[in-house]
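S.K.: build me a model from this:
(chains A and B)
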Amino acid sequence: MTTTIIWTIAIISGLGLLLALTLYLVAQRFKVVEDPRIELVEKAMPGANCGGCGFAGCHAFAESAVKAPNLDNHFCPVGGNETMKAVADILGYEIQEKAPMVAVVRCNGSCANRPKVNEYDGSVSCKVKASLYSGDTGCAFGCLGCGDCVEACKFGALSMDPETGLPVVDENKCTACGACTKACPKGIIELRKKGPRGMREFVSCVNKDKGPSVKKACAAACIGCGICVKTCTHGAIVLDNNVAYIDPEKCKLCRECEAMCPTGAIHGVNFPKPLDKEAVKARVQERQKKAREAAAAAANEIKKEENNG
Amino acid sequence: MARRTFSIGGVHPNDAKISRDCKIEVLPTPPTVYIAVAQHIGAPAKPVVAVGDKVKAGQVIAEPGGFMSAYIHSSVSGTVKSIGPRKDLSGNNQMVVEIAVEGDEWMEGIDRTDTLITEIPQDPKAIIEKIKLGGVVGLGGATFPTHVKLSPPPGKTCEMLIINGCECEPYLTSDFRTLLEKGEQVVVGTAIIKKALGVDKATIAIEDNKPEAIDHIEKVVAEMKAKSTDYAGIEVMSLMKKYPEGGEKQLIDAVMHRQVKSGGLPIDVGAVVDNVCTALAVYEAVQKNKPLVDNSVTVTGECFPRQANLLVRVGTPINYIIDFLGGVPEDAAKVISGGPMMGKSIANLEAATMKGTGGLLFLTREQTKRMPESNCIRCGKCADACPMGLEPFLLNRLAKAGNTDALEENAVQDCIMCGCCLYSCPAGIPLLDVISQARGQVMGIMKARAAAAKAAAEAAKPKTE
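M.R.: Alright, predicted model coming up:
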């Protein structure tokens, strides 16, 4: 009886030792030498494997970063500057800080603003809907409302607002990986600079149609009137293809365009105080009036001089 | 004898040809027409008129924008009001030429009489040039420029011309009425296309649910054969009614028992297929100098009070046609451009017809109701029904996963979008919607890859100076 137990233990232990030795030898023989920095970099990464950086995942990013001569083409939007600093420390590179970004939905076409003109009963997917027709509202450019972006977001930062039928971005969760911008067949989601304390100003519309037909389709669309372009004293707004765009690099967050926009297509978010539209409007109009008068006076002056001369 | 048909897949939807006894009526000219510059597959045509120009019916208003393109003619006489974007049937912007109609003056040299000219030109090149100048495109649905189709690439020879009179789509009857009322012209058109291609054999294929048309065309062909040798080799073939028999590849299979390989063209197996209305348009362009400015449109549906087959000028607003026939019926829920299987529902009734518009179908809510979508039960009915031998259930899954490589491997690009899979699915899965989107995406990728390969080959070529 005892001998059996002893033999069993001996055989099992012997077998264990033998196999361990074999495994050790094989591991030594077929060892893949990997740059130890790859592992270090990967550990410093957020590990979301979202692909927002343009690589297949965090490991692929780390591999590429270690091989690269500098970090100019490598940026992890999820980890942001902190992660990139850690990566740069490991690899001994210098990095330039990038402003944090956030996904912005540029469509005002809520159920109230943009009445439905037909009923869609096909597959619940924006990309299928976009391949079939312009959508169930009069606007051929805006949100289709099937939530492809919500599905694409790996961080749970997007959700559909049942009341407006538009996607809403949770700024605290959004990592600016850009998955939603690629998923949206209409290209209404843009990655924009988050701005100081999250404050930013943007045109919430991408409709390229001409004014009258846009107005018919949606009550809060950009009609391409150009009032904002005239209002802006910083040259931050351009009007292209009947739709205005605010350059976040030039915008000084004065909110004058927002106050002047006749349809309310321009949105300002995260400002500490609500916008006193009338006051700002009066201020801008006063300024414009003065400028007009000054211009008229100058013109008169020139005329006088011409007459005299 | 077994009835001839294609070998794989297919479904048997209810025929519903309720407008089959309505003669083709001429629709009065609308006050304004909107003629799109992209009415065919390939490059859009380039407008050659300016705002304010006076145009006559049959005048060229846009020239081909490339090799694969076609002339566009004014379908009315009047003044060009604007050239710019306008919403099309799907609600997306498309470049159109807007013409305000004044009178009905035609270009000189266009023969608008009914006299039948049976003597056909003998020079293939001259025929193809006339077809090109007439802006003729395939009227079976794909609107492929006909002159391109009739110039096979070097090294490929055509053995048989097939004239497609199947009209396998339920409800539509415009091809059937054309065969009955303009059978002579169709047969002459067939002989002209046959001459242009230089083939000996031509088959006019008609499904056996149209016995009157088969009898009539057989009689016409026999008469013509007695008159001239140009008509030798034209046969009429009766095919078993099955959807989608009118699909190019299915029709070749049914008539010639040959299969076009994946990615191939009909000419690879020695066939050229043209629709009966195309044959009629060819007749008019070659014999009468009349460009393609009008086409027959079936307006039908159980809920529609007045069934009709109308001869409509290209660019007529849809709502003008509907108003002419008494307006949209109250219980209609969907208006479809084309037939119920392949047609697309119209999102914008202000849009205008195009060369390829073959039907307007009104369906009620009950008729268009979609089954609630449930899980795939792996029954394989869609794979049985697919006339291209694809596996729609698999393509659907791959498309949802966004796996474009696997989609290409499984030949999503071969899909002809006939809708048999969706028609047969007991789980109500919108297979066609998803697959057609994936098909477009994959074809885009393939096209980009081919263009990149071509550019690379160009770059690699040593420069010769």
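
S.K.: just the element for whichever residue of the stretch 51-200 of chain B sits closest to chain A, please.
M.R.: Residue of the stretch 51-200 of chain B nearest chain A, by Cβ to the nearest Cβ: residue B:91 (3.0 Å). C-beta coordinates here come from the backbone N, C-alpha and C atoms, glycine included. Assessed by DSSP states H and E, residue B:91 sits outside every helix and strand.

S.K.: excluding its backbone neighbours, what's nearest it?
M.R.: Leaving aside its chain neighbours, residue B:91 sits nearest to residue A:134 (3.0 Å; criterion: Cβ to Cβ, 6 or more residues apart in numbering or on different chains).

S.K.: tell me the mean pLDDT for stretch A:125-135?
M.R.: For stretch A:125-135, mean pLDDT is 92.

S.K.: residues in chain B within reach of chain A, list them.
M.R.: Taking Cβ under 8 Å from any Cβ of the partner chain as the criterion, chain B approaches chain A at residues B:85, B:87, B:90-93, B:344-345, B:347-348, B:368, B:370, B:430, B:433-434, B:436-437, B:440.

S.K.: hmm, 10 Å instead?
M.R.: With the criterion set to Cβ under 10 Å from any Cβ of the partner chain, chain B comes near chain A through B:84-93, B:333-334, B:344-349, B:365, B:368-370, B:373, B:396, B:399-400, B:402, B:429-441.

S.K.: are we agreed that residue B:99 is in a strand?
M.R.: Yes. Counting by DSSP: H, G, I helix; E, B strand; the rest coil, residue B:99 falls inside a strand.

S.K.: so it bridges to which residues?
M.R.: Note on residue B:99: beta-bridge partners by DSSP bridges are residue B:33, residue B:80.

S.K.: what's around the residue in the stretch 151-300 of chain A positioned nearest to chain B, how many residues?
M.R.: Of all residues in the stretch 151-300 of chain A, residue A:209 sits closest to chain B, at 7.2 Å by Cβ to the nearest Cβ. Here the number of neighbours of residue A:209 (other Cβ atoms under 10 Å in any protein chain shown) works out to 24.

S.K.: residues touching the residue of chain A found nearest chain B, list them.
M.R.: Of all residues in chain A, the one sitting closest to chain B is residue A:134 (3.0 Å; Cβ to the nearest Cβ). Listed by Cβ atoms under 10 Å, 6 or more residues apart in numbering or on different chains, the contact partners of residue A:134 are A:117-118, A:140-142, A:144, A:186, A:217, B:87-93, B:347-348.

S.K.: restricted to helices, list the residues you listed.
M.R.: Counting by DSSP state H, the contacts of residue A:134 place residue A:217 in helices.

S.K.: all helices for the stretch 151-300 of chain A, in order.
M.R.: For the stretch 151-300 of chain A, the helices defined by DSSP state H, counting those that start in this stretch occupy A:179-183, A:211-217, A:227-231, A:256-260, A:277-308.

S.K.: now the last one: mean pLDDT?
M.R.: Computed over helix A:277-308, the mean pLDDT rounds to 89.

S.K.: in that helix, what's buried?
M.R.: Buried residues in helix A:277-308, counted by 16 or more other Cβ atoms under 10 Å in any protein chain shown: A:280, A:284.

S.K.: equivalent analysis for the second one, please.
M.R.: Applying a neighbour-count criterion of 16+ other Cβ under 10 Å, one finds A:213-215, A:217 buried in helix A:211-217.

S.K.: which elements pack onto that helix?
M.R.: Contact partners of helix A:211-217 among helices and strands, from 3 or more Cβ pairs under 10 Å, 6 or more residues apart in numbering or on different chains; DSSP states H and E: strand B:78-87.

S.K.: re earlier: phi, psi of the residue nearest to residue B:91?
M.R.: phi -80, psi -10 (degrees, to the nearest 10).

S.K.: could you do residue B:114 as well?
M.R.: Torsion angles, degrees, to the nearest 10, at residue B:114: phi -90, psi 0.

S.K.: element containing residue B:335?
M.R.: Using DSSP H and E, residue B:335 falls in strand B:332-337.

S.K.: could I get the buried residues of helix A:211-217 as CSV with pLDDT?
M.R.: Below are these laid out as CSV (pLDDT from 0 to 100):
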residue, pLDDT
A:213, 87
A:214, 91
A:215, 90
A:217, 91
